[in-house]
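Visitor: Mind folding the following:
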Amino acid sequence: MTILEEGRDVPLGRYTVVRRTLPNKARRTVGAWCFLDHFGPEDVTGKPGMRVPPHPHIGLQTVSWLLGGEVRHRDSLGSDQVIVPGQLNIMTSGRGIAHSENSPRAKPPVLHGLQLWVALPDAERHRAPAFQHIAELPQLADRDVKVTVAVGALAGAVSPAEVYTELLGADVELAGRTELALRPDFEHAVVVTEGTARVDGVAVEPGSLLYLGRDRDRLALEATGGPARLFLLGGVPFEEELVMWWNFVGRSHEDIVEARDDWMRASDRFGVVPGDERPLPAPGLPTTRLKPRPGHR
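Guide: Numbers count the residues shown, from 1 in each chain. Alright, predicted model coming up:
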């Protein structure tokens with residue numbers, strides 16, 4: 001079963017608009033992946049670029065993947081790390097963390113990348129926060145394809161990224177046709193980031209996500225009209241129901257209310273991001289109770 005879902009444009013900070021492809025109308029999760037924003041490619045010459053002030057997270061991991069440009073990550077643990085294409089930043093919020101994401105002043109002209117979230121399972125969502133920067137990731141290469149394994153494992157290549165469910169996140173650069181071996185117990189999805197591609201016979205362009213379901217052990221990929229690039233998501237289906245609101249992933253309305261209150265009163269739970277940026281205030285809660293929801297609609 002394949003489902004092609006169009007993304008929607010969402011403002012991120014004051015200067016960046018992203019295309020959000022997960023969650024979407026049909027699915028809220030792919031494995032434990034619960035959020036996917038695709039930003040750029042954008043010419044940021046003479047512009048601020050990415051400007052996201054300090055903001056909080058609970059119950060998730062952020063996975064930052066760049067295709068172009070640079071982004072500086074700072075968090076309340078004291079981490080200060082510029083990420084460039086081919087490297088991975090993965091931040092575990094656990095019970096609570098705050099971070100900011102900004103383009104450096106001296107920056108490349110084009111900004112392009114993905115921001116993803118992974119829902120932490122219930123047994124891990126209150127763990128201590130952590131940050132991991134990985135400068136070198138395993139790659140697989142053939143005549144028409146280069147695959148960088150950002151998270152999880154593919155064809156024997158294993159990422160050192162620390163995750164808490166069985167996952168796959170891989171960047172695929174295509175110059176022709178190829179076929180990838182998949183785990184049939186995983187569900188998978190693909191987002192195209194550059195060019196156009198046929199995925200399992202379906203034409204996919206940037207701005208949409210193709211959900212591939214599970215029970216498949218092979219995936220046919222073909223670049224059409226020139227080189228293409230895509231990101232492959234996978235994971236064991238995530239069975240826990242989630243409450244997702246703003247930057248929080250919880251299990252109940254009360255989880256979200258508590259986290260929002262803690263952020264707004266500047267409790268020690270989230271800490272302080274070094275620098276002189278004013279933290280981002282939380283929006284108002286909806287007038288109805290937030291309900292836990294499954295991974296599919």
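
Visitor: Any idea how many residues pack against the spatially closest residue to residue 30 that is not a sequence neighbour?
Guide: Leaving aside its chain neighbours, residue 30 sits nearest to residue 189 (4.4 Å; criterion: Cβ to Cβ, 6 or more residues apart in numbering). Quick note: C-beta positions are derived from backbone N, CA and C, even for glycine. Neighbourhood size, residue 189 [other Cβ atoms under 10 Å]: 27.

Visitor: Helix or strand for residue 189, just tell me which one.
Guide: Taking DSSP states H and E as the definition, residue 189 sits inside strand 187-199.

Visitor: how far does stretch 200-218 stretch from start to finish?
Guide: End-to-end distance for stretch 200-218, by Cα to Cα, to the nearest Å: 9 Å.

Visitor: circling back: the residue nearest to residue 30 contacts residue 233, correct?
Guide: Yes: taking Cβ atoms under 8 Å as the definition, residue 189 is a contact partner of residue 233 at 4.7 Å.

Visitor: Overlap of the contact sets of the two?
Guide: Counting by Cβ atoms under 8 Å, 6 or more residues apart in numbering, the contacts common to residue 189 and residue 233 are 30, 33.

Visitor: quick one on the thing from earlier: give me the sheet partners of the strand holding residue 189 and which way each runs.
Guide: Sheet pairing for strand 187-199, assigned by DSSP bridges, gives strand 202-204 (antiparallel), strand 208-214 (antiparallel), strand 218-235 (antiparallel).

Visitor: thinking in terms of the whole chain, how far from its middle is stretch 17-34?
Guide: 9 Å (Cα atoms, centre = their mean, to the nearest Å).

Visitor: whoops, stretch 212-223 was the one
Guide: The chain centroid and the centroid of stretch 212-223 are separated by 21 Å under Cα atoms, centre = their mean.

Visitor: what does it rub up against?
Guide: 1-2, 144-145, 172, 174-190, 195-201, 230, 232, 237.

Visitor: Now that we have those, which of them are buried?
Guide: Buried residues within the contacts of stretch 212-223, defined by neighbour count using 16 or more other Cβ atoms under 10 Å: 2, 145, 172, 174, 178, 180, 182-183, 186-190, 195-200, 230, 232, 237.

Visitor: Spit out the contact partners of the residue nearest to residue 30.
Guide: 22, 27, 30, 33, 209, 210, 211, 212, 232, 233, 234.

Visitor: list the contacts for the second one?
Guide: With Cβ under 8 Å, 6+ apart as the criterion, the residues that contact residue 27 are 3, 5, 189, 211, 295, 296, 297.

Visitor: can you rerun that using 6 Å?
Guide: 211, 296 (Cβ atoms under 6 Å, 6 or more residues apart in numbering).

Visitor: Quick check: the gap between the residue most central in space within the chain and residue 201.
Guide: Residue closest to the average C-alpha location in the chain (Cα atoms, centre = their mean): residue 116, at 0.7 Å. To residue 201, residue 116 is 26 Å away according to Cβ to Cβ, to the nearest Å.

Visitor: Residue 171 contacts residue 148, doesn't it?
Guide: Yes: Residue 171 lies in contact with residue 148 (Cβ atoms under 6 Å); the separation is 4.4 Å.

Visitor: just the helices in the stretch 151-297 of the chain please.
Guide: For the stretch 151-297 of the chain, the helices defined by DSSP state H, counting those that start in this stretch occupy 253-264.

Visitor: List the beta-bridge partners for the residue nearest to residue 30.
Guide: The partner residues for residue 189, given DSSP bridges, come to residue 211, residue 233.

Visitor: Which member of the contacts of residue 189 is positioned nearest residue 289?
Guide: The nearest member of the contacts of residue 189 to residue 289, counting by Cβ to Cβ, is residue 27 at 22.9 Å.
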